[in-house]
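# Curious how this folds, go ahead:
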Amino acid sequence: MMDVNEGRTRHLDARNVHVSDPQGFEDALADLCRKVRALQVKEDAQILAVDGQFSSSEERDPFTSDLDHAIAHASQRLHPPRTAIGRALSNLSVKLDRNVHDVSTPQYPGADTTQL
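Predicted coordinates:
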């Protein structure tokens with residue numbers, strides 16, 4: 001589902017994803033949103049079906065715990081790394097790819113004075 005968008009946005013700054021094909025990107029994004037919403041409806045129905053089988057909170061707690069763990073550790077990558085070292089390197093590369101752009105200017109009135 002994410003193949004198209006990942007291919008179109010890989011190694012691009014977020015503000016430049018529309019440059020090559022603005023309408024094509026918007027169409028692909030809208031299609032992805034429709035697919036994700038449809039998938040969420042199916043997943044919610046499956047979760048509610050399983051949840052409905054439990055008669056007490058003691059039976060439901062392990063399922064809820066497993067579900068919380070799965071949500072917390074879900075990957076945004078199509079083919080996530082399977083080892084802890086691979087995940088660490090993958091996360092590090094994402095952090096290194098993000099450039100901080102300081103758009104403020106050092107020139108403003110009073111920049112050369114210090115008040116005590």
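
# Residue for residue, what is the longest helix this structure has?
Longest helix in the chain by number of residues (criterion: DSSP state H): helix 22-51.

# for this structure, where's the lowest mean pLDDT among helices and strands?
For the chain, using mean pLDDT, DSSP states H and E, the weakest element among its helices and strands is helix 3-9, scoring a mean of 65.

# Give the buried residues for stretch 29-38.
residue 29 (16 or more other CB atoms under 10 Å). In short, each C-beta sits where N, CA and C put it, glycine included.

# Next: stretch 68-86.
Buried-residue list, stretch 68-86, by 16+ other CB under 10 Å: empty.

# Any figure for the gap between residue 79 and residue 88?
As judged by CB to CB, to the nearest Å, residue 79 and residue 88 stand 16 Å apart.

# now the following helix or strand past the longest helix of the chain against helix 22-51, angle please.
Where DSSP states H and E defines the elements, the next helix or strand beyond helix 22-51 is helix 57-72. Here the directions of helix 57-72 and helix 22-51 differ by 160 degrees (axes from the mean of the first three to the mean of the last three CA atoms, to 10 degrees).

# Residue 87: neighbouring residues, count only.
15 (other CB atoms under 10 Å).

# if I read this right, it contacts residue 80, doesn't it?
Yes - assessed by CB atoms under 8 Å, residue 87 is found in contact with residue 80 at 7.2 Å.
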